[in-house]
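[1] quick check, what structure comes out for this input:
(one chain, ligands or ions: 1)
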Amino acid sequence: GTTLGGAAARTGRYFGTAVSASKLSDSVYTGILSREFSMITPENEMKIDATEPNQGQFSYTNADRIVAQAKSQGAQVRGHTLAWHSQQPGWMQGMEGSALRTAMLNHVTQVATHYRGQLYSWDVVNEAFADGSSGARRDSNLQRTGNDWIEAAFRAARAADPGAKLCYNDYNTDDWGQAKTQAVYRMVQDFESRGVPIDCVGFQSHFNSNSPVPSNYQTTLQNFASLGVDVQITELDIEGSGTAQANSFSTVTKACVAVARCNGMTVWGIRDTDSWRASATPLLFDGSGNKKAAYTAVLDAL
Ligand code: XIL
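    Have a look, this model is predicted:
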């Protein structure tokens, strides 16, 4: 039979999952991982608190384990993430102004240089826009260093690893009618017009009953792609079970497949029990590693 990665490859796409280094000793987990997935995102191991726990002291052991697993199974890696308001180490949380700007850019340069030539892409900046109707940037210590912090991070990442695709990644950007979606769209348009290096936009796509798959999801993916960037579904999980959940996974998969520049999708974990929201049972395999209806729906839609 075929697999998610194999089915996606028939149209030149990848199919990925988030991976935790701590689970690489679980043979059920690694069995599914190596069989099904052609792209891996470290779930936490490349975040700022993991890679620079003390300022100027870099720690790559767990991230390197995941990169080694990817190589051993012939998968690629999406680096996640170089600059983010969350999961900052304590030393960075307490910084501001030009000292923080310098520290952030040094972090981007050091980590991207460590993995130079080894990664498919970097989520250079994660979740920089506010929810709700404002269309504004999210307030954070990074944002308070100046509105140009995002483009500065992208330029530093390009200089450090010219071969990695550079992505902006966010959530609640799936509905074309939302102010947050429009604000990210305008940033990408602005970056393209001024030559700021950006190659891709990631749609996390954490869906639940309060935030279901929007009816205009494919339109959103297509509109961003039309700006000249690749689009990717980067952290897909959908609360639910049975046929309803399977139908939502099918809708998302079909939307990606219908957009030429939607070149891959990633689910945020393997088994329901691996999920950061395990009680939502939002993934493609149950806790025992059995394929759910949602798995078959995705496979059939690829
Ligand atoms: C989550 C991880 O899954 C959890 O293990 C961790 O405790 C918190 O972060 N948006 C992102 C991801 O970009 O990095 C987050 O991952 C989920 C939301």
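
[2] neighbours of the residue lying closest to residue 225 once chain neighbours are set aside, how many?
    Using CB to CB, 6 or more residues apart in numbering and skipping residues adjacent in sequence, the residue nearest residue 225 is residue 261, 3.7 Å away. Using the backbone N, CA and C atoms, a C-beta is placed for each residue, glycine as well. Here the number of neighbours of residue 261 (other CB atoms under 10 Å) works out to 18.

[3] kindly report the same for residue 35.
    As a burial measure, residue 35 scores 12 neighbours (other CB under 10 Å).

[4] report all helices and strands that the helix or strand it falls within contacts.
    Using DSSP states H and E, residue 35 falls within helix 27-36. Under the contact criterion of 3 or more CB pairs under 8 Å, 6 or more residues apart in numbering; DSSP states H and E, helix 27-36 touches strand 14-19, helix 61-73.

[5] with mean neighbour count as added columns, please give those in JSON lines.
    Listed next are the helices and strands packed on helix 27-36 as JSON lines, based on neighbours: other CB atoms under 10 Å:
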{"stretch": "strand 14-19", "mean neighbour count": "27"}
{"stretch": "helix 61-73", "mean neighbour count": "17"}
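
[6] what parts of this structure come near the ligand?
    The interface of the chain toward the ligand, taken as CB under 6 Å from any ligand atom, is made up of 43, 44, 126, 204, 235, 276.

[7] identify, from the residues you listed, the entry nearest to the ligand.
    The ligand lies nearest to residue 276 out of those, by CB to the nearest ligand atom, at 3.4 Å.

[8] from what I see, the closest one and residue 268 are in contact.
    Yes: between residue 276 and residue 268 there is a contact at 6.8 Å, judged by CB atoms under 8 Å.

[9] please enumerate the shared neighbours of these two.
    residue 43 (CB atoms under 8 Å, 6 or more residues apart in numbering).

[10] which one's more surrounded, the two?
    Remark: of residue 276 and residue 268, residue 268 carries more neighbours, 22 against 15, as counted by other CB under 10 Å.

[11] which residues touch that one?
    Contacts of residue 268 (CB under 8 Å, 6+ apart): 17, 18, 43, 204, 206, 235, 236, 237, 275, 276, 282, 283.

[12] could you do residue 24 as well?
    Applying CB under 8 Å, 6+ apart to residue 24 gives the contacts 30, 65, 66, 69.

[13] follow-up on the earlier one: can the helices and strands packed on helix 27-36 go into a markdown table with extra columns for mean pLDDT?
    Formatted as a markdown table, the helices and strands packed on helix 27-36 follow (pLDDT from 0 to 100):
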| stretch | mean pLDDT |
| --- | --- |
| strand 14-19 | 99 |
| helix 61-73 | 98 |
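
[14] just send these back as JSON lines, with distance to residue 111 too.
    Compiled in JSON lines, the helices and strands packed on helix 27-36 are given as follows (distance: least, CB to CB, whole Å):
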{"stretch": "strand 14-19", "distance to residue 111": "18"}
{"stretch": "helix 61-73", "distance to residue 111": "9"}
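
[15] residue 212 is nearest to which of these?
    Among those, strand 14-19 comes nearest to residue 212, with 21.3 Å by CB to CB.

[16] just checking: what are the partner strands of the closest one?
    strand 39-42 (parallel), strand 262-267 (parallel) (DSSP bridges).

[17] which stretch among these comes nearest residue 81?
    Here strand 39-42 is closest among the strands paired with strand 14-19 (CB to CB), at 9.4 Å.

[18] what does the helix or strand that the closest one is followed by contact?
    For strand 39-42, the following helix or strand on the C-terminal side (DSSP H and E) is helix 48-51. With contact meaning CB under 8 Å, 6+ apart, helix 48-51 is reached by 44-45, 58-60, 62-63, 81-84, 87-89, 92, 107, 111.
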